[in-house]
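K.L.:
one predicted model, sequence on top.
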Amino acid sequence: MPTATSIDKVKLPSPIPVTQTRFRAPKKNIPQTKQARDELLSHIRAYNERVAPVAPMPLGEIEVHARKILEETGTPDLYLHYTAVLLNNEMWSETLATIPYERRLLLMPKCLRVEDKCPAPFDEFGLLCKQCGLCTIEDFQNEAERLGYAVLVAEGSAVVMSLIQTGKIEAIVGISCLPVLERTFPYVEAAAIPSVAVPLLQDDCIDTTVDIDWVWDVIHLTSEDKTRRLNLNDLQQNVRDWFTLEDLENVMGVPEGVAERIGRDWLSRDGKRWRPFLTVAAFQALRKDRDKPVPEDIRKIAVAVECFHKASLIHDDIQDEDTVRYGRPTMHEEHGVAVAINVGDLLIGEGYRLIAECQAPEATKAQMLKVAAQGQRQLCRGQGEELNWAKNPKPLNHKQVLEIHRFKTSPAFEVALKLGAAYSGSLNEVEEVIETYSENLGVAYQIRDDMDDLSADALTDTAVSFRPNVLLALAREKSSADDRALMEAMWNCELHPGSNDFRKIREIAHSSGADERCLTLLEMYKEAAVRSLVEVDNENLKGLLRRVLGKIFNELEIKGWCSEYEIKNGVRDESAPVDVVTA
């Protein structure tokens, strides 16, 4: 278990507004999930590139184009106005990117505040934020003003038009509900001023929410970021395509012997490929010749990163006595422990071989090999702490669990990013920020996994009882005296996986508010990862890593929990059917 000294070093990121973690379903005229909204936006971007409509454009004409998009994609007419807003954004986004931050206005609605608790007064220009930390207004305002924006928290076209007429404002970034956007559009169109809008997810004018990652991206939009038009979905799919058996043979050579064939089969199995994706993303952000194809060496390095990751999974499954991975038997279940250990060791060797074979300067290769070795050492130290706990299990508080996650999960993300940066020749300039970013990304990713381990469809997973888990630590800390005995028994590994006790533990996690605290921690670490990029001079790296973070967590699900937040917030009846909602 981590020592008292190491635990004292755990510093949680600064708190974020609680409204960022509250789940509220979007209104019906906005696609219900983040995935659906992203898919529609991808179609709109493709249409914009193909048809090239020119702004400024009257609302009626924008709606004509929007109807064509709806028809092409089979999207219901219900989303007409939402689609029109997104299309207008695409027409203006490149122009907005060229306008200096200090010539832009960020316009926010007062309904983003927590109305019954907000201490902020109003003047003739709008709300005067008191920086109380209760809502997202504070974060958006502070970051926008740091960049140089003028910021208003107000509705009403008169104030906006008067600012435009001063000649000091050349572009508007607005957050608003669809009805207000529709009413103000003619004024903005008449001024022919570039405007990009992020629609609120609700139109009820009280305690509303917004897609935080989307707002963050628009606020930071700049022509200095040459990767802003890089399609991350395409990039991720390209990386995934590198892991077919045929593609692996092209990169690694023909497998020799049984162990290599088993290893290749394991590499080609399911997985999001986040780590190799991060390697390629870091390289793309930092490379000087961005217009050229991805070098073959980067494919080798990306495959090496996945070799390291898959080897760690093989060994983890043995050590944790897990029997299922990706919905199939784990390697030691399928081939036996001895074979699995050997194949895991082989994959580690393959990773180092692929790095060593790169056609890079010797100093660069030495740097990459050192990065990989340091990451391997750190990961094993984290796993060692967890194994030490398993020999004599006892309750851990959530800070102790977070420290284990910091050692065990973050190094893989750090290695992936550093290898891409090293091959680009820029690691020395960005090494420190990558370390901070990766630490927060890794912890956030593991918190999400911890919640999944206690989800409705994972109650029979042995990992629930036999590995340190942030949600379970919080549930124990927050449990009542009546429930404490059960939580202690769980932490002492005295319960049988799959028993009704685990359903009760899940209920405790929910009723005690541990699940909400866990989601808050998740958002805190995500936000800390974004904030670590503030001082980065390279706009390409800053922008790409910010978008990568949003992509990773937008594609992940916290299974079995979101429906409960819908019920808690009054947007779903308890008797209604439950669907898994993308978090």
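P.N.:
It's in.

K.L.:
so residue 528 is in contact with residue 440, correct?
P.N.:
Yes. The pair residue 528 / residue 440 is scored as a contact, 4.3 Å apart, by Cβ atoms under 8 Å. Any C-beta I mention is one placed from the backbone N, CA and C, and that applies to glycine too.

K.L.:
quick one: the strands in the chain, in order.
P.N.:
104-108, 122-123, 126-127, 150-153, 171-176, 195-199, 324-325, 328-329 (DSSP state E).

K.L.:
tell me the mean pLDDT over the second one?
P.N.:
On average, the pLDDT along strand 122-123 is 70.

K.L.:
going forward can the numbers begin at 51, since that is how I track them
P.N.:
Sure thing, new numbering starts at 51, so read that last one as strand 172-173.

K.L.:
any regions of the stretch 451-600 of the chain where pLDDT drops low?
P.N.:
Applying pLDDT under 70 to the stretch 451-600 of the chain flags the ranges 506-516, 546-549.

K.L.:
tell me where it has helices.
P.N.:
460-474, 477-503, 513-516, 520-528, 531-541, 550-561, 564-581, 589-605 (DSSP state H, counting those that start in this stretch).

K.L.:
and the last one, what other elements does it pack with?
P.N.:
Right, the one you point to is helix 589-605. Helices and strands touching helix 589-605, by 3 or more Cβ pairs under 8 Å, 6 or more residues apart in numbering; DSSP states H and E, are helix 84-101, helix 262-269, helix 282-291, helix 324-336, helix 477-503, helix 564-581.

K.L.:
try 10 Å this time
P.N.:
On a contact count with 3 or more Cβ pairs under 10 Å, 6 or more residues apart in numbering; DSSP states H and E, helix 589-605 meets helix 84-101, helix 262-269, helix 282-291, helix 324-336, helix 460-474, helix 477-503, helix 564-581.

K.L.:
buried residues, the lengthiest helix in the chain. List them.
P.N.:
Looking across the chain with DSSP state H, the single longest helix is helix 412-441. Residues 414-415, 417-419, 421-422, 425-426, 428-430, 432-433, 435-436, 439 are the ones in helix 412-441 that count as buried (16 or more other Cβ atoms under 10 Å).

K.L.:
residue 377 against residue 320, yeah?
P.N.:
Yes. Counting by Cβ atoms under 10 Å, residue 377 does reach residue 320; the two are 7.6 Å apart.

K.L.:
what stretches of the stretch 101-250 of the chain score poorly on pLDDT?
P.N.:
For the stretch 101-250 of the chain (pLDDT under 70), the answer is 173-175, 183, 205-211, 214-215.

K.L.:
what are the ranges of the helices in it?
P.N.:
109-123, 130-148, 186-197, 207-215, 228-241.

K.L.:
could you say which of those is packed most deeply?
P.N.:
helix 130-148 (a mean of 21; mean count of other Cβ atoms under 10 Å).

K.L.:
which strands or helices does that one pack on?
P.N.:
Helix 130-148 sits against helix 84-101, helix 109-123, strand 221-226, helix 228-241, strand 245-249, helix 262-269, with contacts defined as 3+ Cβ pairs under 10 Å, 6+ apart.

K.L.:
how far is that helix from where the chain is centred?
P.N.:
23 Å (Cα atoms, centre = their mean, to the nearest Å).

K.L.:
now it - C-alpha only, CSV.
P.N.:
Listed next in CSV are the C-alpha coordinates belonging to helix 130-148 (Å, rounded to 0.1, in the frame of the first residue of the first chain):
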residue,chain,number,x,y,z
LEU,A,130,-34.1,21.8,-38.2
HIS,A,131,-33.2,24.8,-36.1
TYR,A,132,-30.4,22.9,-34.3
THR,A,133,-28.9,21.9,-37.7
ALA,A,134,-29.2,25.5,-39.0
VAL,A,135,-27.2,26.8,-36.0
LEU,A,136,-24.5,24.2,-36.5
LEU,A,137,-24.3,25.0,-40.3
ASN,A,138,-24.0,28.7,-39.6
ASN,A,139,-21.2,27.9,-37.1
GLU,A,140,-19.3,26.0,-39.8
MET,A,141,-19.6,28.8,-42.3
TRP,A,142,-18.2,31.3,-39.8
SER,A,143,-15.6,29.1,-37.9
GLU,A,144,-12.7,29.7,-40.1
THR,A,145,-13.2,33.5,-40.1
LEU,A,146,-13.6,33.4,-36.3
ALA,A,147,-10.3,31.6,-36.0
THR,A,148,-8.5,34.5,-37.7
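
K.L.:
I'd like to know how far the closest residue to residue 177 other than its chain neighbours sits from residue 194.
P.N.:
In space, and not counting its chain neighbours, residue 177 is closest to residue 203: 3.9 Å by Cβ to Cβ, 6 or more residues apart in numbering. According to Cβ to Cβ, to the nearest Å, residue 203 and residue 194 sit 11 Å apart.

K.L.:
same question for residue 389.
P.N.:
56 Å.

K.L.:
what sits against residue 421?
P.N.:
For residue 421, the contact set (Cβ atoms under 10 Å, 6 or more residues apart in numbering) comprises 405, 464-469, 471-472, 477, 481, 484.

K.L.:
buried only: go through those residues for me.
P.N.:
For these, a burial check counting by 16+ other Cβ under 10 Å picks out 405, 464-469, 471-472, 477, 481, 484.

K.L.:
with distance to residue 558 added, can I get those in a markdown table?
P.N.:
A markdown table is the format used below for these (distance: Cβ to Cβ, whole Å):
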| residue | distance to residue 558 |
| --- | --- |
| 405 | 46 |
| 464 | 34 |
| 465 | 37 |
| 466 | 36 |
| 467 | 37 |
| 468 | 40 |
| 469 | 42 |
| 471 | 43 |
| 472 | 46 |
| 477 | 45 |
| 481 | 42 |
| 484 | 38 |
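
K.L.:
if anything else comes up later, I'll come back, but that's it for now.
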